[in-house]
Structure formats: structure tokens, C-alpha cells
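Engineer: model this:
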Amino acid sequence: MDLREVREFIIDSSKMILTVVAVLVFIMYIATLQQIVGSSMSPTYESREVVILNKLHYRLFSIKRFDIISFEYDSTKYLIKRVIGLPGDTIEYKDNVLYVNGEEIEEEYLPKDIKTENFSLASLGYDKIPEDMYLVLGDNREDSLDSREIGLIPKKDILGKVSLKIWPIF
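Structural biologist: Numbering: from 1, shown residues only. Now for the predicted structure:
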């Protein structure tokens with residue numbers, strides 16, 4: 001092996017190492033793929049669809065009402081739900097209508113046949129959503145493990161914003 005071959009080997013190896021490091025950084029800090037498991041976000045997302053999870057978004061921007069997020073639950077599961085309540089909000093569902101801070105809010109993303117049982121933040125033991133906590137619900141309100149059962153979600157457990165469905169394409 002001559003010096004030129006050693007040099008080429010080092011250059012090729014360096015490119016490969018840099019590529020692997022770039023991919024790892026991208027996956028760890030910027031974006032990753034996540035598969036929808038179950039029907040809790042139906043009809044917005046169906047089971048086995050694949051979405052892009054933007055991990056960088058909430059490092060730059062604040063969480064907004066109706067964002068779809070992924071968060072860690074029970075240290076072994078990752079759930080995808082829609083943000084309904086923000087810090088400082090009072091939330092109530094009455095007769096299938098969402099009230100935020102006493103004001104009626106239309107949920108345009110839900111089909112008319114989706115029913116949400118009566119619910120209030122008081123049933124979780126809160127008057128208002130505390131700082132750095134969020135109330136999340138699945139779009140399939142009748143079959144969703146969400147804040148009504150697991151409580152409010154701490155900001156530290158939020159992994160990122162679901163940005164785009166990539167599979168299936170249509």
C-alpha cells in the first residue's frame with residue numbers, strides 16, 4: 001500500500017464518518033420519522049401512517065393550540081395528540097362544544113360525527129392549566145388515551161411537532 005492509497009482511504013473514511021455524524025445529529029436534534037400506532041388520531045392520521053416529527057420547531061417557536069405533537073409517555077411509549085389547552089387556560093367540553101377560558105371554540109379539524117363527552121379541567125384537579133403543562137386530546141375522542149386519562153403533559157416530555165405525513169403518499 002503506497003502513500004496515495006493511504007491518503008485516499010483516510011479521505012473516504014472521513015467522508016463516511018462525517019456523513020454518519022450528520023445523520024445522527026439530524027435524527028437526534030432536528031427531525032425523525034414516527035409511525036402512527038392505533039386509531040386515536042383518526043381521521044387526521046390513521047394507524048401505520050408515517051409522519052415527520054420536527055424536533056427543532058419548539059426550540060424556536062412556542063407550542064400553539066391545535067398543534068399535533070409527539071410526547072413521551074410512561075418512559076417507554078411515544079404518543080401523538082392534538083394540543084387543546086395551553087398554560088393559563090381553563091378548558092371545558094359541554095354538549096360536544098369546546099370552551100377555552102369560557103369562550104366557545106370551533107374545532108374545524110373534527111368531522112361533525114365525532115363526539116366529545118362532557119369534561120372539565122376540574123376533573124383533573126386544576127382550575128387553570130399550570131405553567132409548562134398542556135392538555136392534549138386525540139382526534140378520535142371515543143378511543144384515545146389522552147389528558148382525560150393520563151393528565152396534563154409537561155413541556156419537558158414533548159418531543160416535537162408532527163409536520164408532515166409522508167407515507168402512504170396518498
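
Engineer: every contact and neighbour count from this point should use C-alpha atoms.
Structural biologist: Noted.

Engineer: which residues in the protein form helices?
Structural biologist: Secondary structure of the chain by DSSP state H: the helices cover 3-25, 57-60, 147-150.

Engineer: deepest of these, which one?
Structural biologist: Neighbour counts averaged per stretch over these are highest for helix 147-150, at a mean of 15; criterion: mean count of other Cα atoms under 10 Å.

Engineer: this protein: strands as residue ranges?
Structural biologist: Under the criterion DSSP state E, strands of the chain are mapped to 31-35, 50-54, 68-73, 77-85, 91-94, 97-100, 103-105, 119-120, 133-137, 153-154, 158-167.

Engineer: got the helices of the chain as a markdown table, with distance to residue 116 and mean pLDDT columns?
Structural biologist: A markdown table is the format used below for these (distance: least, Cα to Cα, whole Å; pLDDT from 0 to 100):
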| stretch | distance to residue 116 | mean pLDDT |
| --- | --- | --- |
| helix 3-25 | 40 | 89 |
| helix 57-60 | 28 | 93 |
| helix 147-150 | 11 | 96 |
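
Engineer: sorry, back to before: any chance of the strands of the chain in CSV, plus distance to residue 24, mean neighbour count and mean pLDDT?
Structural biologist: Putting the strands of the chain into CSV (distance: least, Cα to Cα, whole Å; neighbours: other Cα atoms under 10 Å; pLDDT from 0 to 100) gives the following:
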stretch, distance to residue 24, mean neighbour count, mean pLDDT
strand 31-35, 10, 17, 91
strand 50-54, 15, 20, 95
strand 68-73, 20, 19, 95
strand 77-85, 20, 21, 95
strand 91-94, 39, 18, 96
strand 97-100, 40, 18, 96
strand 103-105, 41, 12, 97
strand 119-120, 42, 17, 95
strand 133-137, 29, 23, 98
strand 153-154, 26, 17, 97
strand 158-167, 16, 19, 93
